[in-house]
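A.B. asks: Provide a 3D model corresponding to the input given below.
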Amino acid sequence: QVQLVESGGGLVQAGGSLRLSCAASGRTFSSVHMGWFRQAPGKEREFVAAISAGGGTTYYADSVKGRFTISRDNAKNTVYLQLNSLKPEDTAVYFCASRPGSMYIRTQGTEYDYWGQGTQVTVSS
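C.D. replies: Below is the predicted model of the structure:
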């Protein structure tokens, strides 16, 4: 069993920044890929960013590329998502998820097997 707990969400003005954290337990963290997804009201869940087990490979959705940065600290069993230059359309519940390490970064939510409960990010205009 794997537990993922997100934190760091909140209300921020457009152009502002937030850093989300996801603390993991129950699985060898350094062997899993981690992803961030988000879901806005009335919309489907969408991929945001992912990072390989060792942290050497990252991948971003086009909508966040250049503004968001995913990173991980395997010593702390934590993955982070730095959100900069936030826009109102970034408003959503943000979820972290894990999956066993593989050759390629995965961007489909169905390919991740454990999920956190989510943290709300609200960006005001």
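
A.B. asks: Now the residue nearest in space to the middle of the chain: closest residue in space that isn't a chain neighbour?
C.D. replies: Central residue of the chain (C-alpha atoms, centre = their mean): residue 36, 2.2 Å from the mean position. Excluding its sequence neighbours, the residue lying closest to residue 36 (C-beta to C-beta, 6 or more residues apart in numbering) is residue 48, at 4.3 Å. All C-beta atoms are positioned from the backbone trio N, CA, C, and that covers glycine.

A.B. asks: what sits against that neighbour?
C.D. replies: Residue 48 makes contacts with 35, 36, 37, 38, 60, 61, 64, 68, 81, 94, as judged by C-beta atoms under 8 Å, 6 or more residues apart in numbering.

A.B. asks: which ones are touching the residue nearest to the centre of the chain?
C.D. replies: When contacts are counted by C-beta under 8 Å, 6+ apart, residue 36 touches 20, 22, 48, 49, 50, 70, 79, 81, 94, 95, 96, 97.

A.B. asks: pLDDT score assigned to it?
C.D. replies: Taken from the predicted model, the pLDDT recorded for residue 36 is 98.

A.B. asks: after the host helix or strand of it comes which helix or strand?
C.D. replies: Residue 36 is part of strand 32-39 when elements are defined by DSSP states H and E. The element immediately downstream of strand 32-39 (helix or strand, assigned by DSSP H and E) is strand 46-51.

A.B. asks: List the neighbouring strands of that following strand plus their orientation.
C.D. replies: Using DSSP bridges, the neighbouring strands of strand 46-51 in the sheet come out as strand 32-39 (antiparallel), strand 58-60 (antiparallel).

A.B. asks: Redo these as a markdown table? Include distance to residue 111.
C.D. replies: As requested, the strands paired with strand 46-51 are arranged in a markdown table below (distance: least, C-beta to C-beta, whole Å):
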| stretch | distance to residue 111 |
| --- | --- |
| strand 32-39 | 9 |
| strand 58-60 | 13 |
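
A.B. asks: out of the ones you listed, nearest to residue 122?
C.D. replies: strand 32-39 (11.9 Å; C-beta to C-beta).

A.B. asks: Alpha carbons only: can I get that closest one in PDB?
C.D. replies: These are the backbone C-alpha positions of strand 32-39, laid out as PDB (Å, rounded to 0.1, in the frame of the first residue of the first chain):
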ATOM      1  CA  VAL A  32       8.800   5.000  -8.800                       C
ATOM      2  CA  HIS A  33       7.900   7.600 -11.300                       C
ATOM      3  CA  MET A  34       5.800  10.400 -10.000                       C
ATOM      4  CA  GLY A  35       3.300  12.600 -11.700                       C
ATOM      5  CA  TRP A  36       1.100  15.600 -11.100                       C
ATOM      6  CA  PHE A  37      -2.300  15.900 -12.600                       C
ATOM      7  CA  ARG A  38      -5.100  18.400 -12.100                       C
ATOM      8  CA  GLN A  39      -8.800  18.600 -12.500                       C
END
